[in-house]
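Sequence first, then the predicted structure:
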Amino acid sequence: MLDQPTNTPTGPGAAESPLIASLRAAVAAAPQDIPLRLHLAELLLGAGSADAAVAEAALVLSQAPGDAQARALMARAMGAPVPTEQAPPAAPAEQQAGGFDWEAAAREVGDAVPPRFAAEPDVKEAPLTVDGSGAPGEAPAYDVDAPDAPGAVRLADVGGMQEVKDRLEAAFLAPMRNPELRKLYGKSLRGGLLLYGPPGCGKTFIARAVAGELGANFINVSINDVLDMWIGNSERNMHEVFETARRQAPCVIFLDELDALGAKRSRTQHNGMRNTVNQLLTELDGVNDVNDGVFVLAATNVPWDVDIALRRPGRLDRTLLVLPPDGPAREAILRYHLRERPIESVDLAKLVKATDGFSGADLAHVCESAAESALLDSARTGTVRMINTKDLLGAAKAIRPSTEPWFAAARNVAMFANEGGMYDELLAYLKKARKL
């Protein structure tokens, strides 16, 4: 949350009025009281302190991004024209529940903030087909998951991993949720986010949760969706992925296994792969703001194999290390995989402690192995029994965490190939976990 504004005069060299001073004290005592803060902002604006009014309105918008009164007040304080047309009708309940309503927000602020996801009027493009012909009546080229589709997730559905959530909020989500604050601070939306870490730790799940937080469509792109045996088709497929996302904006493109789609060109002998990486770089650049409303996330287990040009500012210039799940996350994952299985007297605290360093996939394997052990025992004895703590601890002891080989390889990279401090976060974790 933004820091509280300091007590400053309401005008150059002037002292605050007693009413404003008393309101400041009241707001300091109840910082979550939005109507009270808006009243203070109105008085500050009336007293000629536009900057202080903008700061108070910004704090309101950080708590309630859809507050129309705060948006209008900020527009007046910044000297922008305030729309006089009637406010649009409220969004349907299902749209409100699905995430932020970008179109309604764009209409609401009118001329104060230009619309981000404006579509060309009366222009409807037919969806691309599998062969790229665009002929009507055929299947679309790529599946686009809507934010309100069954199975859509939010960050609240991600168990634990609070540090990852906080980094996502600060570096990616907060600027996108608050267009007025973004404009005030000159924050650009260019660039994407690269998730890296051991396999099986939930990078794809986190990417889907980010799309859910933004209320955006979601396209999951793997190497099979892009690579083609015919010359030129791979580049065209890459272009069509981004074109589909631009038509479906706001949309999150998730590039899974980026090391396969964007491998280092210096190590690539095949011209087709080099051209595919070049095409990806061109699409990420988004010349003339054609990528407005398209957010790019990527994931890889081996970021050191990704072409360095993809990490340039304006492309995938932000990185986030996704580590094995912490204690609360392991407990949530274990509860999920045991929820429909017959269990009794399971000591989750002991199991969570015994699975330190396990990935989410490892934890699912532990539950599967414990269920298998109980099933075989029941089959041998002819008596059905429940899964207990002994089964789960025995499975955890027999399974070696799949993250260990990854950390063995990552250790050398973090220690001896940490150009530009890219792996500082990984190095800090290795020292803290005594893995160096």
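Arrived safely.

C-alpha only now, for contacts and for neighbours.
Will do.

check contacts around Gly394.
Ala370 (Cα atoms under 8 Å, 6 or more residues apart in numbering).

Remind me which helix or strand it belongs to.
helix 389-398 (DSSP states H and E).

which residue packs closest to Ala41, ignoring adjacent ones?
In space, not counting the residues next to it along the chain, Ala41 is nearest to Ala53; the distance is 4.5 Å by Cα to Cα, 6 or more residues apart in numbering.

Thought Gly46 was touching the one you found, still the case?
No. With contacts counted by Cα atoms under 8 Å, Ala53 stays clear of Gly46, the gap being 9.1 Å.

more neighbours, those two?
Each of Ala53 and Gly46 has its neighbours counted (other Cα atoms under 10 Å); Ala53 has more, 28 against 13.

Check this structure for its longest strand and report it.
When the chain is parsed with DSSP state E, its longest strand is strand 294-300.

Export only the CA atoms of it, formatted as CSV.
Coordinates of the C-alpha atoms in strand 294-300 are reproduced here as CSV (Å, rounded to 0.1, in the frame of the first residue of the first chain):
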residue,chain,number,x,y,z
VAL,A,294,-1.3,-8.0,-24.4
PHE,A,295,0.6,-9.1,-21.3
VAL,A,296,3.4,-11.7,-21.9
LEU,A,297,4.4,-14.2,-19.3
ALA,A,298,7.0,-16.9,-19.9
ALA,A,299,8.4,-19.8,-17.9
THR,A,300,11.5,-21.9,-18.0
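
What strands line up against it, and which way round?
strand 193-196 (parallel), strand 251-255 (parallel) (DSSP bridges).

following that strand, which helix or strand shows up next?
Beyond strand 294-300 on the C-terminal side, the first helix or strand identified by DSSP H and E is strand 318-321.

For that following strand, which strands pair with it and how are they oriented?
According to DSSP bridges, strand 318-321 has the following sheet partners: strand 193-196 (parallel).

residues in contact with the partner strand?
Strand 193-196 is contacted by residues 172, 203, 296-303, 316-322 when judged by Cα under 8 Å, 6+ apart.

what does the very next helix or strand once past it contact?
The C-terminal neighbour of strand 193-196 among helices and strands, as given by DSSP H and E, is helix 203-214. Where contact means Cα under 8 Å, 6+ apart, the residues beyond helix 203-214 that reach it are 98-100, 147, 152-155, 157-158, 173, 176-177, 195-196, 217-218, 251-252, 254, 256, 297, 299, 322.

same thing but 6 Å
Defining contact as Cα atoms under 6 Å, 6 or more residues apart in numbering, one finds that helix 203-214 is touched by Pro147, Val153, Arg154, Leu155, Val252.

so which of those residues comes closest to Thr381?
Taking Cα to Cα as the measure, Thr381 sits nearest to Val153 out of these, at 41.9 Å.

need the contact list for that closest one.
Ala209, Gly212.

which SS state does it fall under?
When the structure is split into helix, strand and coil by DSSP: H, G, I helix; E, B strand; the rest coil, Val153 lands in coil.

got a list of contacts for the helix or strand encompassing Arg335?
Secondary structure here is read from DSSP H and E; on that basis Arg335 sits in helix 327-338. With contact meaning Cα under 6 Å, 6+ apart, helix 327-338 is reached by Gly159, Gly160.

what does stretch 274-289 give?
Taking Cα under 6 Å, 6+ apart as the criterion, the residues outside stretch 274-289 that touch it are Glu235, Gly262, Arg265, Arg315.

and these as JSON lines, adding pLDDT and neighbour count?
Conversion of these to JSON lines gives the following (pLDDT from 0 to 100; neighbours: other Cα atoms under 10 Å):
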{"residue": "Glu235", "pLDDT": "91", "neighbour count": "21"}
{"residue": "Gly262", "pLDDT": "88", "neighbour count": "24"}
{"residue": "Arg265", "pLDDT": "84", "neighbour count": "20"}
{"residue": "Arg315", "pLDDT": "86", "neighbour count": "22"}
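
Of those, which is the nearest to Leu19?
For Leu19, the nearest member of the contacts of stretch 274-289 is Arg315. The distance, counting by Cα to Cα, is 49.2 Å.

which strands and helices sit next to the longest helix along the chain?
Scanning the chain for the longest helix, with DSSP state H as the assignment, gives helix 360-381. With contacts defined as 3 or more Cα pairs under 6 Å, 6 or more residues apart in numbering; DSSP states H and E, the packing partners of helix 360-381 are helix 389-398.

in which helix or strand would I find the closest residue to Val54 other than its chain neighbours?
Across the structure, with Cα to Cα, 6+ apart as the measure, the residue nearest Val54 apart from its sequence neighbours is Met74 (5.4 Å). Secondary-structure element containing Met74, defined by DSSP H and E: helix 68-77.

List the buried residues in that helix.
Of the residues in helix 68-77, Ala70, Arg71, Ala72, Leu73, Met74, Ala75, Arg76, Ala77 count as buried by neighbour count, 16 or more other Cα atoms under 10 Å.

With stretch 163-172 instead?
For stretch 163-172, burial by neighbour count (16+ other Cα under 10 Å) applies to Lys165, Leu168, Glu169, Phe172.
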